Each structure stands twice: as C-alpha cells, then as structure tokens.
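J.: missing the sequence, but the structure's below:
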C-alpha cells in the first residue's frame, strides 16, 4: 500500500492519495470545483499556473504547496458601509480559519482583521502588502464585501468593472484602515454554492489578484 503524504491547498493540509495527480484532481481533493477554479503551484518565489491545463499531471512530494484561483464572475459594487454590530464572533471565526491556513492575522475592533500578504499570481506577483477585511457579524453566512489593501494600486472610481472599478478610499468604509488604504468593493458572486469558509474566500481573493 502506497504511503500517503501531506500537500497544502490554500494553506490547508490534505493527504494526497497518489504521487501523481492532475491539477483538477488536486482541486477536487480540496473540495473545489474545477469549473470555477484553477490551480497554481507555489515553488518558493516561482509559481506554475495550471490555468487551462486542468488535466495536466503534477508530480507531488511531501509539502507541495498550491493555491486555488477563483475564475467566476467578479461583480463590482459602488459602496458598502462597515458593519456596525458589536459582537466579533464572525471576525473571530474568519481569523481562526485564516490562522489555520498559515496567515498571521491581527484582530481589530469593530469586526476588522488585517494580515501581511504576498501576492502570488498576476502582474503584481511578489508584491508584499497588508490586506484587511471588515467581516460581517454573521460570517460564515455572509462573507466580507471585498479586501482593503494598504497600497494605492488604482485611482478611486465608483462603478465600472474589475480591476479598475469599485475602488474607494478605505476610511469611507472602515473605522480602522486609514487614508493610505484602498477598499475594493468585490462581493463574492457564488458564496452559497460551496463551503462557506475563509479558505474558500481567499481563493476568490487570489482570483482578484490574478485578474489585475
């Protein structure tokens, strides 16, 4: 019997049943639909994208690391106020799930979280920044409305299309992200169609970076 070993998909550990699996099989192992995601293998500072190559076989080893990239529609919203509730249950759950996936998360008051993030895909690959979210109190029923980033990569613009549309100054949408932060209004388009978890939400975020 072949000994299983551990690989990581979006920071979550999984036991690989075979030494060689296709990109789509790896997505399936992580509970992700190949119709709405593609796989990227992370090799230090190098990334191998399997976009459009879901049937390609990948030779795995102990500790192989992958991220999934959501390729569904990316709607843009004009505005979304910060949640005004008093409980932090949703943010605490969101932060705990991210920590399990390896993110160094800081919890802030008023349903906010922030953490260091290095972009892995797209034209900004390798860019180190901080990313934050205002997490609805009822998470995982409702996901965050989109990321806040501490670098101004686009001019502010209400409406329009991703990636340049729906960009706002964070203080209008957050109590804890300052004027050097931007909010990208990006509601998840298919949140109820799969597992409602922070790890799955981050696949959507990877997709936002991949499509810059």
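T.: Everything's here; your move. Quantities reported herein were computed from a predicted structural model and do not represent experimental measurements.

J.: from now on I want contacts and neighbour counts done on CA atoms only, so please keep to that.
T.: Will do.

J.: show me what contacts the nearest residue to residue 151 once chain neighbours are set aside?
T.: Taking Cα to Cα, 6 or more residues apart in numbering, and ignoring the residues beside it in sequence, residue 151 has residue 181 as its nearest neighbour in space, at 6.0 Å. Neighbour list for residue 181: 148-152, 169-171 [criterion: Cα atoms under 8 Å, 6 or more residues apart in numbering].

J.: among those residues, which ones are buried?
T.: 148-150, 169-171 (16 or more other Cα atoms under 10 Å).

J.: in a markdown table, list these along with secondary structure.
T.: A markdown table is the format used below for the buried ones among the contacts of residue 181 (DSSP: H, G, I helix; E, B strand; the rest coil):
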| residue | secondary structure |
| --- | --- |
| 148 | strand |
| 149 | strand |
| 150 | coil |
| 169 | strand |
| 170 | helix |
| 171 | helix |
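
J.: buried sites along stretch 105-123?
T.: Those would be 105, 107-108, 110-115, 117, 119-121, for stretch 105-123 by 16+ other Cα under 10 Å.

J.: determine which two of those residues are furthest apart.
T.: Largest separation among the buried residues of stretch 105-123 by Cα to Cα: 110 and 121, giving 30.5 Å.

J.: tell me where this structure has strands.
T.: Applying DSSP state E to the chain gives strands spanning 5-9, 12-16, 20-22, 37-43, 46-49, 57-59, 65-70, 106-108, 112-118, 128-134, 148-149, 167-169, 182-184.

J.: pLDDT below threshold where in this structure?
T.: 1-3, 45, 77-89 (pLDDT under 70).
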